[in-house]
Structure formats: C-alpha cells, structure tokens
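In: Let's see this in three dimensions:
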Amino acid sequence: MLFWPTMNSPREYANVDDHPDVSAGNARAGLVLFFVYLAFYAGFMGLAAFAPAAMGQPVLGGVNLAITYGMGLIVGALVIAAFYMAACARNARRLGGTGVSPVSSPAVRGSPDPARPPTAGLQPPEARQ
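Out: Residues are numbered from 1 along each chain as shown. Okay, the predicted model is just below:
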C-alpha cells in the first residue's frame with residue numbers, strides 16, 4: 001500500500017507497540033481513561049434526564065449549563081486523548097525495550113553463528129541441539 005507497510009514488512013514486526021506488555025499497558029490506560037470520561041458523560045446524561053431545568057440555567061456568560069457542559073465534554077475528550085497519548089508513549093519507553101523484537105531475533109535475520117541454524121529459534125526446545 002501507499003502509506004502503510006505490508007503484512008510481511010519487517011518494520012511492522014519491529015514496532016514497539018507489538019510488544020505484549022506495551023499493548024497491555026496501553027489497553028489498561030485506555031480503559032481507565034474511558035471510565036473517567038464515562039463518569040463525566042453519565043453526569044451530563046443524568047442531569048439531562050433527571051434535572052432538565054438545571055440544564056437550562058445560565059452558568060457562564062449567559063450560556064446555559066447544557067451547552068457549557070457539552071462543550072466541556074468535547075474539550076475533556078481532547079484532554080483525555082492527550083493523556084492517552086502520553087501514557088502510550090510512557091509505556092513504549094518503559095516496556096518496549098524489555099523484549100526481543102522479532103526483527104532483531106537471529107531466527108529472523110539469520111544467525112551470525114554458523115553452528116546455529118537460523119531457524120533454531122523457531123523450533124521447539126526438545127528439537128534444538
């Protein structure tokens with residue numbers, strides 16, 4: 001494809017985001033931030049459902065609570081997205097260097113040791129010599 005590497009591209013497998021610990025950390029951060037946003041959204045929906053008169057009250061420069069809260073939700077989503085990006089970058093820095101990338105593995109790039117065949121890393125332990 002024009003913009004994305006193909007499935008067989010080594011760059012795709014060398015991506016630090018493919019590391020299981022990084023993916024798990026990113027998923028955990030995403031879930032926490034999702035529930036934070038869900039709490040704010042539930043507050044908005046609760047006010048709209050159970051206190052519609054409160055939503056019509058002017059709160060900020062003559063703008064009612066519904067508009068102010070709704071705009072706050074939009075800005076809050078952008079802030080949470082920035083927090084998620086920061087969390088993912090931190091996870092990549094902290095956890096990304098702990099594992100062996102498939103591209104740097106001797107089984108993929110060819111073994112520098114002629115006594116060890118390049119596929120030795122792909123065989124089950126009992127088959128290795």
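
In: alpha carbons only for contacts and neighbour counts from here, please
Out: Will do.

In: secondary structure element for the spatially closest residue to Tyr37 that is not a sequence neighbour?
Out: Of all residues not flanking Tyr37 in the chain, Ala77 sits nearest, at 7.2 Å (CA to CA, 6 or more residues apart in numbering). Taking DSSP states H and E as the definition, Ala77 sits inside helix 65-95.

In: now for that helix, which elements pack on it?
Out: helix 20-50, helix 52-55, strand 58-60 (3 or more CA pairs under 8 Å, 6 or more residues apart in numbering; DSSP states H and E).

In: between that helix and helix 20-50, how many degrees?
Out: 170 degrees (axes from the mean of the first three to the mean of the last three CA atoms, to 10 degrees).

In: residues in contact with Ala95?
Out: Not Ala; residue 95 is Leu. Asp21, Val22 (CA atoms under 8 Å, 6 or more residues apart in numbering).

In: Give me the pLDDT value at it.
Out: You'll see Leu95 listed with a pLDDT of 74.

In: Now do Asn26 against Leu38, distance only.
Out: Asn26 sits 18 Å away from Leu38, going by CA to CA, to the nearest Å.

In: Around the nearest residue in space to Cys88 that is not next to it in sequence, how many other residues sit close by?
Out: Nearest-residue entry for Cys88: Asn26, 5.5 Å, with adjacent residues in sequence omitted and distances by CA to CA, 6+ apart. By other CA atoms under 10 Å, the residues close to Asn26 number 20.

In: quick revisit: got TSV for the helices and strands packed on helix 65-95, with distance to Ala92 and mean pLDDT too?
Out: Below are the helices and strands packed on helix 65-95 laid out as TSV (distance: least, CA to CA, whole Å; pLDDT from 0 to 100):
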stretch	distance to Ala92	mean pLDDT
helix 20-50	6	94
helix 52-55	42	95
strand 58-60	41	93
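
In: what's the closest of those to Ala86?
Out: helix 20-50 (10.0 Å; CA to CA).

In: And the closest one, what's buried?
Out: For helix 20-50, a neighbour-count test (16 or more other CA atoms under 10 Å) marks Asp21, Val22, Ser23, Gly25, Asn26, Ala29, Gly30, Leu33, Tyr37, Phe44, Leu47, Ala48 as buried.
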